[in-house]
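>>> structure, please.
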Amino acid sequence: MSTIKSSSNNYCINVLMVMIMIIISTIITLADCQTSISIPFDTTITNVSPRISIPQNSEAYKVENWVAYGIYLGIVFLVILAIGVIFYFVAICFFCFRLCGLCGGCKPKKKGSSRPYRKKDMLIPAILTMIMYIVILVLGILGIIFSALFSVNVRTLVKETRSVISGVNGTINGVSSLGTSAESNIPILVNGFSSILTDAEQFATPINNMTNTVQSGINAMVFINSTTAPKIYADVENVRADLRILYNNSRLSGVPNPDTAIPNVQSQVEAGINTGVSYLEQGKTTIAGAKTTLDNTISTTRSTINSTVYDTVKGSVINTLNSVTSQISGINNMINQYAPSTTIDEAQTIIYSVENARISLVTIFFVWCAFLYIFALLGICCKKAILVEITSCCTCATAWLFFLVASLQIPIFILVNDLCKTAPGTVLYMSDDVGGPVLASTGFNITVNASVIIQRVANCSGDQNFITSALGNDYLTSLGLSSMLSSATGSIKGQLDSFNISSTVDSAKDLILQANITNIKTDYSADVFDAQTKLNTAIAQLSSIESYSGFSMKNVTNALDELNAYTTQYGYYYTLANITLLDPDSSPFNVTETSRNKTRDEKDQVLTLLQIYNETMTEVNAVNATLNSVKTGLSTLFNDFVLLSSEIAPVKALPTTLVDQLTSLANSVIAFVNGLKTSIDSLVISVLTSYINATLKDSLGCAYVGTYVSTINSTVCYGMTNQTFLTGLFSIMIGVAMIILFFILIILGKRIRYQARKGEDTGTDTVEMDMHH
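Presented below is the predicted three-dimensional model:
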C-alpha cells in the first residue's frame, strides 16, 4: 500500500483545522447569525459489513458507515497480527519438533562420530546469519530514522496546532477592539478621498500661470507706454514740425500736410495701451477669482467628504463591525469553557510525554535487534553454541512484537491516507449542507457557498483577513456596506458640481478679448513711406536755384558783363570778388555826370542781383537742412515703428493664447468632474477596502490558518503517512527476517555444538538428518 499526496486544491483539513475555519470564517463574517446549527447525523446501526473505503460526503452522516470502515481497519490489524502469530507458531513448532528428534533433531545422527560437522559446514549458515543480520540492522536504522521523523512531525503538528489555537484566541480577543480600530483608522478613509482634492488642486497651477502671463503682458504694455512710446511720440512731433516748415514754404508745392501725412501715433497707441491694460487688469482679477472659487470649492468639498464619510462609516461600517463583537464574545466564552489554556497546556505536555516514551521504546526495540545478534556473531567467532542458541530463543521471543507494531502502524496509515484524500471534499460537502441555511439566515448578501469560504480561508496568506479572505473581493456587497455608501457618494457627486468654473472662464475670456490688444496699430511705415514719396516729389524743385525761385546766376553774370563792357573802355575789369572796389565818383568814372551815373547804376544793379542771389542761396540751404532733418526723422520713425511692433507683438499674441488656455482649463475641469462622477463609486469601494483591510489586519488576520493548513499537508498527508507506512513495513520485514534467522540460528547452533575438533575423525557414513542438517 502506498500513500497518495493530496493535490494543491485538496489540502488536508483535519478535524481541528476544520473547526477553526468554520468558527472563524463563518461566525466572524456572518456576525448577525443567531440560528443554531444542527448536523443531521444518522446514529442508526443495522446490519454492518466491512467497507474498505472511508465514508465520503453524504455517507459521512451515517454512523454505521464509520463502524463498517472501523471494522475494515480492525480486520487489517488482525490479519497482520495473525500473520505474526502464524510465523511465531511455526517457529515454536519447528523448535519443538527438533527437540523431539524431528526436522533434523537437536543431535547429530551420523554413525561412528559424535562431532560430524567441519568448518565448511559452518560457512553457509554463518553467511546467511551475516546477511540477515545486515538486513535487520539496515531495517532497524531506517526504522529509527523514520520513527524519529514521525516524532518530529508529531511535535510540529502539536506546535502548529497550539499556534493556530493561540491565533484563534488572539483573533477572538482582537475582535473586541474592532470598533476602536475602525474609528481610529478613519483618517485612512479621509486621506483616500483626499485624492479627489489632490487631483482638483492640479488646476491651481495653470490658473496661476495664466494670472502671471496676464501680469507679464500688463507690465510689458506699461513699459512700452512709459519708456518706448514717449520717445517715438517725440520723434513723430519733430518730423511733423520740420515737415510743417516745408509745408508752409510758399516756394514749395506738393509737400505733404504734416497733420495728415504723419498720423497722431500717440493718440492711437496710448489710448489702445491704456484700454488694453484696463481690461487685462479686470481679466486678471477674474482669473484670480477662478482660483479663489476653486480653493473654496476644494475646502467645501473636503468638509463634505470628511463629514459624509465619517457619518457614513460611523453609522454603517463601524456599527456593522461592532455587531461582530457580541458574536465573537460568545465563541470566546465557549472556547474558554471547553478548551481553556490550561487544558491545552496539559494536552501538549501529555502528547510530548507519550511521544517521548514511544520514540524511546522504538529506539530500544530497534537497538535491541542490533545488539541481540552481536551474541550470535560472538558465538560464531568463539564457537560458543550457547550464545547462538540464546540468540535464537530471544529472536523467536521478540519477533512477534514487530508484527504487533506493524498491525498498529498499517491501519493508522490507511486511515490517515484515506482522510488526506477524502476529508477535504467531505468537509466542504458538509459545510455546504450545514452552512447553507446559516448563510441564508444572516441577512447578508453572501453569494458564495460555505465550502468556498472554507477553501478561501484555508489559503489565507500575507495581509489577508478572515472577512476579505472568506467573502472575496465582493465582501463589501456581501456585508451590505456598498448600499450604505450610496448616500455618501450622492453627497460627494452633488458637491462636485460646484467645481464648474465655466462662467468665470467665459467672463475672463470676454474681458481679455475686449482689451482689443491685437488692434493696437504700431506699424505706421506705410504712412511714413507715403509721406517720404510725396516729399521726394516736392523737393525735386531744389535741384537748381532757378527752379526754386526763378532767379539764376546768369542774371548776375549778365549784369557784370554789361558793367565790364562800360568800364573796360577805361581800362578796368571787375569780378564779383572786386566789384565793391568800383567807385563811380572817382576818376575816370566821374569825368562826366552821365558817366558817373551810368557807372553807379551798373554797379548797383550787379550788387542788387548778387544780394538777391545770396539771399536765395541762404533760403535754399535752410530748406535743404530742414529737408535733411525730415529725411533723418522719417528714417528714425521707420526704426521706431519696427521696435514698437516687436515689443508689442508678444502682448498682441496674449489674447489668443489666454483664450485657448482658458478654454482648455474649462474643458479639463468639466472632464475631471464627469470622470470623477463616473469613477466615484469604484473609488469609494477602493478606499473603503483599504480602510477595512487596515482595520482588520491586526484583529482578524488569518495568515496563520493558511500556514497551518500547509503544515498539516506536509506533516500529516505527506510526512506522517509515509513514515507510518514505512515504519509498519520495516516492522513486518524485521519480524519475517527474525523468524528466518531463528531457523538459521537453530541449525547453526547445532553445528557449532557438534563441530569436529582438530584431528578428530568425522567418519564416512552419511548424516541422517531431516533437512539434511
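>>> quick one: name whatever helix or strand follows the helix or strand where M617 lies.
Secondary structure assigned from DSSP states H and E places M617 in helix 593-699. Once the chain leaves helix 593-699, the next helix or strand it forms, by DSSP H and E, is helix 703-712.
>>> re the thing from before, now the helix holding M617: mean pLDDT?
Helix 593-699 carries an average pLDDT of 79.
>>> then stretch 252-265?
The predicted model assigns stretch 252-265 a mean pLDDT of 77.
>>> quick one: buried residues of that stretch?
Within stretch 252-265, the residues that count as buried by 16 or more other Cβ atoms under 10 Å are 252, 255-256, 258, 261-263, 265. (C-beta placed from N, C-alpha, C; glycine too.)
>>> reformat the residues you listed as TSV; add distance to C93 and secondary structure.
TSV is the format used below for the buried residues of stretch 252-265 (distance: Cβ to Cβ, whole Å; DSSP: H, G, I helix; E, B strand; the rest coil):
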residue	distance to C93	secondary structure
L252	164	coil
V255	160	coil
P256	154	coil
P258	154	helix
A261	152	helix
I262	149	coil
P263	145	coil
V265	142	helix
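>>> right, and N65 touches R51 too?
Yes - proximity of N65 to R51 meets the contact threshold set by Cβ atoms under 8 Å, at 6.8 Å.
>>> between those two, which is the more surrounded one?
More crowded of N65 and R51, by other Cβ atoms under 10 Å: N65, with 20 against 17.
>>> which element is the more buried one on?
helix 63-99.
>>> show me what that helix is packed against.
Secondary-structure packing of helix 63-99 (3 or more Cβ pairs under 8 Å, 6 or more residues apart in numbering; DSSP states H and E): helix 385-440, helix 721-753.
>>> worst average pLDDT in the ones you listed?
Least confident of the helices and strands packed on helix 63-99, judged by mean pLDDT, is helix 385-440 with a mean of 71.
>>> what's the burial count for I83?
I83: 16 surrounding residues under other Cβ under 10 Å.
>>> could you find the closest non-adjacent residue to it?
Nearest non-adjacent residue to I83, counting by Cβ to Cβ, 6 or more residues apart in numbering: F403, 6.4 Å away.
>>> please name the residues that touch that neighbour.
By Cβ atoms under 8 Å, 6 or more residues apart in numbering, the contact set of F403 is 80-81, 83-85, 87-88, 731-732, 735.
>>> mind putting those residues into a markdown table with distance to A565?
Output for the contacts of F403, formatted as a markdown table (distance: Cβ to Cβ, whole Å):
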| residue | distance to A565 |
| --- | --- |
| I80 | 177 |
| L81 | 181 |
| I83 | 180 |
| G84 | 181 |
| V85 | 186 |
| F87 | 184 |
| Y88 | 187 |
| S731 | 173 |
| I732 | 174 |
| G735 | 178 |
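>>> most neighbours among the residues you listed, which one?
S731 (28 neighbours).
>>> mind checking how far that one is from S407?
Separation of S731 from S407 (Cβ to Cβ, to the nearest Å): 9 Å.
>>> likewise T599?
Relative to S407, T599 is positioned 180 Å away (Cβ to Cβ).
>>> same question for Q514.
According to Cβ to Cβ, Q514 stands 107 Å off from S407.
>>> need the strands for the stretch 251-400 of the chain, in chain order.
With strands called from DSSP state E, counting those that start in this stretch, the stretch 251-400 of the chain shows none.
>>> pLDDT weak spots in it?
Where the stretch 251-400 of the chain drops to pLDDT under 70, the residues are 306, 308-344, 366, 369-390.
>>> let me know how buried A622 is, in neighbour terms.
When neighbours are counted by other Cβ under 10 Å, A622 registers 12.
>>> avg pLDDT for whatever helix or strand G170 lives in?
In the assignment (DSSP H and E), G170 maps to helix 119-175. Over the span of helix 119-175, the pLDDT mean works out to 74.
>>> by how many degrees do that helix and helix 721-753 diverge?
Relative orientation of helix 119-175 and helix 721-753, computed by axes from the mean of the first three to the mean of the last three Cα atoms, to 10 degrees: 160 degrees.
>>> now for helix 119-175, which elements pack on it?
helix 15-21, helix 318-338, helix 341-382, helix 593-699, helix 703-712, helix 721-753.
>>> now those helices in TSV, with distance to F466?
Listed next are the helices and strands packed on helix 119-175 as TSV, based on distance: least, Cβ to Cβ, whole Å:
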stretch	distance to F466
helix 15-21	9
helix 318-338	10
helix 341-382	21
helix 593-699	7
helix 703-712	8
helix 721-753	30
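>>> for those, which one ends up most surrounded?
Burial of the helices and strands packed on helix 119-175 is given as mean neighbour count (mean count of other Cβ atoms under 10 Å); helix 721-753 ranks first at a mean of 23.
>>> now the angle from it to helix 63-99?
On the basis of the same axes, to 10 degrees, helix 721-753 is oriented at 10 degrees to helix 63-99.
>>> next SSE after the helix or strand where A204 lies?
With secondary structure defined by DSSP H and E, A204 is part of helix 204-223. Later in the chain than helix 204-223, the nearest helix or strand by DSSP H and E is helix 229-248.
>>> which secondary structure elements does that next one contact?
Contacts defined by 3+ Cβ pairs under 8 Å, 6+ apart place helix 229-248 against helix 258-261, helix 265-312, helix 525-538, helix 593-699.
>>> which other helices and strands contact the third one?
Counting contacts by 3+ Cβ pairs under 8 Å, 6+ apart, helix 525-538 packs against helix 229-248, helix 258-261, helix 593-699.
>>> what's the closest of the ones you listed to L280?
helix 593-699 (7.9 Å; Cβ to Cβ).
>>> how about the helix holding A204: buried residues?
Of the residues in helix 204-223, 206-207, 210-211, 213-214, 217-218, 220-221 count as buried by neighbour count, 16+ other Cβ under 10 Å.
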